[in-house]
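Participant: give me the fold of what follows.
(chains A and B)
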Amino acid sequence: MKMMNPVYKRENMVSSRSVKLAMILLIFNGILALVALLNMYSTLAQVRVTAEIQYSSFLDLYVFVAVLEFVMLIVIMPALTAGSISGERERQTLDLMLTTDMTPAEIVVGKLMSSLSTMLLLIISSFPMIALVFVYGGVTLKDIGMLLMCYVAAAVFIGSLGTCCSALFRKTTVSTVVSYGLMVAVVIGTFGLNQFAYSLSQMHADSYLAAVGQTAEQGSSGGLIYLLLMNPTSTFLVTIMQLAGSGLVRLNGDVMSWFGDHRLNLLNGNWVSASIGVQLLLAAVFVAVAIRAVKPGRRHIV
Amino acid sequence: MLIIKELRKAYGKHHALNGLDMEIADSTLYGFVGPNGAGKTTTIKIMAGLLKPDSGSVEIDGQSVLHNPREMKRKIGYVPDTFGVYDNLKVSEYMEFFSSCYGLEGLKARKRNTTLLAQVGLGEKTDFYVDSLSRGMKQRLCLARAMIHDPQLLVMDEPTSGLDPRTRLEFRELVKDLQEQGKTILISSHQLSELSELCSHMGVIDQGKMVIQGSIEEITGTISTSKPLIITVVGKTERALQLLKKHRLVRTITVRDQDIMVNFAGDADGECELLAMLVEAGVAVRGFLREPGSLEAVFMQITNREKERVVLSYEDDESGL
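Facilitator: The predicted model follows:
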């Protein structure tokens, strides 16, 4: 009987003794700490000169650290997962695992879990930086919990996407390129589509209103707004902006007003949980596809 | 132990296996020989459950590998033609990883791994990184890995390719030891000489079909009649060909330069009768020879498919000469 997933155990053992992980942790947290401390220094310097405390700058610090961490997460996650299965295939070790009692599901889940635990380690290690804002108040533990949930959902979603590509494609290079391509399509493409539809509808509305002699601005991206449910960036922005509307990010916490006025419905009030649900569901689909692709006898692309 | 029937597998338009039949008895060391691209690796991958055939059956102890893949994995140890090692693991960690893949953990796993590593001569290398091992050592490590779950059948795909002669010899000794311990072993190779000294049984595959299989003695016996008779006559070649064509034990007749090469299904007595028949008919026979058979010779004969001028086959003798 297997006590712990052997693949997860092996990956953790190898990464824990590698200098690479320690260096990533050091550099990432070093940058965050430097930015946070400089921000604090400038705020305190301002207090000395003006005798006014700008509490909003502490929230800006929180937003900045959270955004930086999110960007890092969506950039690093495909790199961590895109070579997970294809790397085993290139080393010819996948076949060896498939001749043991290991099932394709155990192999895929073990690989995904090890990438997620590396990501989680990075996120948790940076929380002291985020917690700096506790010194001044304004952010509760619940808010941090929500942010953590948002990160985990994004990591699971993008990690599953990378693992799926890795299982489908024979070569790591191809898998990495496709993973990043799909990630960009989801993260930027869905925003782009909404912006495009919104602009079109605005043009249409403007010409109509000009014809009838009115000037009120109307139009929206329509149903395309729901594409943003699968975009982890929308979840993150709503989470962070609901808490701390900031000049750093143009959008507010109400996703329904981003691309024109959309009708209120159940999603409006529950965007974060709904989008996390959609992303986890898609992640499950990606994992299922990966398991199917790893099964013996399947043909792979490139 | 292992019975393969009518196994077929195609990759697109290329037919890798064309109705392969194979039978391996318990505790035999079976050499699986064939030229590159003959279908050896495809057969082995199907046995190991890594490929699905288009049709046919593979049974171990009466149970289908294709229908009970999980149970069958317990009975087969697979050594691929590549090492398949993790360079960033130590020898002991590599073994522990694969032990845990079989659900073997803790003290039980450590004991088993220590025994296996000692058996393959890597007992002193447990703390070495796999990366630092020589090719021969890596191959032995792969063999130890394939035996973790104590399989009945060990399947090795060209295990000695790329090894130097000394390491090959050591590996062969290791394989012999395993057979003496009662393991059934299948080794594939495209080098017959390597297997002919090692194996008790052998199968020759070509173009996805088993051409010949059996014990080494049986195959050598077959070879002695499968080698063609080389008859050199002086003049009266047409008369000789007419006589040979009518003989019931003559299968094919091929003319190459000055020689008539006859596939003759008779034994030594039959050969004497054939010679007497030619001489009595007034054919001046200058040479009458059947070369002693060797495994190498039959392998070449089966797999080379030389471009000879076949002037007559028993089946289409209507063409006349």
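Participant: packing partners for the lengthiest helix in chain A?
Facilitator: Looking across chain A with DSSP state H, the single longest helix is helix A:19-50. If you count contacts as 3 or more C-beta pairs under 8 Å, 6 or more residues apart in numbering or on different chains; DSSP states H and E, helix A:19-50 packs onto helix A:55-81, helix A:104-130. All C-beta spots, glycine's among them, are computed from the backbone N, C-alpha and C.
Participant: go with 10 Å
Facilitator: Applying 3 or more C-beta pairs under 10 Å, 6 or more residues apart in numbering or on different chains; DSSP states H and E, we find helix A:19-50 packed against helix A:6-16, helix A:55-81, helix A:104-130.
Participant: that one: which residues count as buried?
Facilitator: Judged by neighbour count using 16 or more other C-beta atoms under 10 Å in any protein chain shown, the buried positions of helix A:19-50 are A:24, A:28, A:32, A:36, A:39-40, A:43.
Participant: likewise stretch A:115-134?
Facilitator: For stretch A:115-134, burial by neighbour count (16+ other C-beta under 10 Å) applies to A:115-116, A:118-119, A:121-123, A:126, A:129-130, A:132-133.
Participant: can you check stretch B:65-75 too?
Facilitator: In stretch B:65-75, counting by 16+ other C-beta under 10 Å, buried: B:65, B:69, B:72-73, B:75.
Participant: just the residues you listed: which are in helices?
Facilitator: Here DSSP H is the test, and these give B:69, B:72-73, B:75 as lying in helices.
Participant: from the buried residues of stretch B:65-75, which two are the most distant?
Facilitator: Largest separation among these by C-beta to C-beta: B:69 and B:75, giving 10.9 Å.
Participant: what touches both of the two?
Facilitator: Residues touching both residue B:69 and residue B:75 (C-beta atoms under 10 Å, 6 or more residues apart in numbering or on different chains): none.
Participant: give me the neighbour count for the residue of the stretch 101-250 of chain B found nearest chain A.
Facilitator: In the stretch 101-250 of chain B, the residue that lies nearest chain A is residue B:101 (3.8 Å; C-beta to the nearest C-beta). When neighbours are counted by other C-beta atoms under 10 Å in any protein chain shown, residue B:101 registers 24.
Participant: skipping its backbone neighbours, what lies nearest it in space?
Facilitator: For residue B:101, ignoring the flanking residues on the chain, the nearest one in space by C-beta to C-beta, 6 or more residues apart in numbering or on different chains is residue A:100 at 3.8 Å.
Participant: likewise for residue B:128?
Facilitator: Nearest to residue B:128 is residue B:91, by C-beta to C-beta, 6+ apart, at 5.5 Å.
Participant: just for the chain, where's the confidence low?
Facilitator: The chain I'm using is chain A. Within chain A, the segments meeting pLDDT under 70 span A:1-3, A:138, A:208-210, A:212-218, A:243-257, A:262-264, A:268-269, A:298-302.
Participant: switch to chain B, please.
Facilitator: By pLDDT under 70, the weakly predicted segments of chain B are B:221-226, B:257-258, B:291-321.
Participant: so residue B:288 makes contact with residue B:229?
Facilitator: Yes. With contacts counted by C-beta atoms under 10 Å, residue B:288 reaches residue B:229, the gap being 7.0 Å.
Participant: any residues in contact with both of the two?
Facilitator: Jointly contacting residue B:288 and residue B:229 under the rule C-beta under 10 Å, 6+ apart are B:262, B:271, B:274-275.
Participant: neighbour-wise, which one of those leads?
Facilitator: residue B:262 (25 neighbours).
Participant: where along chain B do the helices fall?
Facilitator: B:40-47, B:69-75, B:91-101, B:106-119, B:135-146, B:165-180, B:192-196, B:216-226, B:237-246, B:268-280, B:295-304.
Participant: surely residue B:78 meets residue B:65?
Facilitator: No. At 11.9 Å, residue B:78 does not count as touching residue B:65 under the criterion of C-beta under 10 Å.
Participant: beta partners of residue B:262?
Facilitator: Judged by DSSP bridges, the bridge partners of residue B:262 are residue B:229, residue B:253.
Participant: do you know how far it is from chain A?
Facilitator: Distance, residue B:262 to chain A, by C-beta to the nearest C-beta, to the nearest Å: 46 Å.
Participant: for that residue, what are its contacts?
Facilitator: Residue B:262 touches B:228-231, B:240-241, B:244, B:247, B:249-254, B:271, B:274, B:288, B:290, B:312, counting by C-beta under 10 Å, 6+ apart.
Participant: same check on residue A:52?
Facilitator: When contacts are counted by C-beta under 10 Å, 6+ apart, residue A:52 touches residue A:46.
Participant: helix, strand, or coil at it?
Facilitator: coil (DSSP: H, G, I helix; E, B strand; the rest coil).
Participant: gap between it and chain B?
Facilitator: Counting by C-beta to the nearest C-beta, the gap from residue A:52 to chain B is 56 Å.
Participant: for that residue, give me phi and psi.
Facilitator: phi -120, psi 140 (degrees, to the nearest 10).
Participant: wait, the residue nearest to residue B:128 sits on residue B:118?
Facilitator: No. Using C-beta under 10 Å, residue B:91 makes no contact with residue B:118, being 11.9 Å away.
Participant: identify the contacts common to these two.
Facilitator: Listed as contacting both residue B:91 and residue B:118 by C-beta under 10 Å, 6+ apart are B:124, B:126, B:144.
Participant: residue contacts, the first one?
Facilitator: The reference is to residue B:124. When contacts are counted by C-beta under 10 Å, 6+ apart, residue B:124 touches B:91, B:117-118.
Participant: any idea which of those has the most stuff around it?
Facilitator: Within the contacts of residue B:124, residue B:91 tops the neighbour count with 25 neighbours, counted by other C-beta under 10 Å.
Participant: could you check how far residue B:1 is from residue B:189?
Facilitator: Distance of residue B:1 to residue B:189, given as C-beta to C-beta, to the nearest Å: 20 Å.
Participant: check residue B:30 too.
Facilitator: Taken as C-beta to C-beta, the span from residue B:30 to residue B:189 is 11 Å.
Participant: find the nearest non-adjacent residue to the residue nearest the centre of chain A, please.
Facilitator: With distances taken as C-alpha atoms, centre = their mean, the residue of chain A nearest its centroid is residue A:154 (3.5 Å). Nearest residue to residue A:154, sequence neighbours excluded (C-beta to C-beta, 6+ apart): residue A:232, at 3.5 Å.
Participant: for the stretch 101-250 of chain B, which residues are neighbours of chain A?
Facilitator: For the stretch 101-250 of chain B, the residues in contact with chain A (C-beta under 10 Å from any C-beta of the partner chain) are B:101-106, B:142, B:145-146, B:148-149, B:151, B:155.
Participant: in PyMOL, select just the buried ones from these.
Facilitator: Buried members of those, defined by 16+ other C-beta under 10 Å, are picked up in PyMOL with:
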select buried, chain B and resi 101+102+104+105+142+145+146+148+149+151+155
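Participant: residue contacts, residue 201?
Facilitator: No chain in the question, so chain A it is. Going by C-beta under 10 Å, 6+ apart, residue A:201 touches A:218-222, A:259-260.
Participant: switch to chain B, please.
Facilitator: Shown in contact with residue B:201 (C-beta under 10 Å, 6+ apart): B:23-25, B:28-32, B:186, B:195, B:213-219.
Participant: what do you get if the cut-off is 8 Å, keeping everything else the same?
Facilitator: Going by C-beta atoms under 8 Å, 6 or more residues apart in numbering or on different chains, residue B:201 touches B:24-25, B:28-31, B:213-216.
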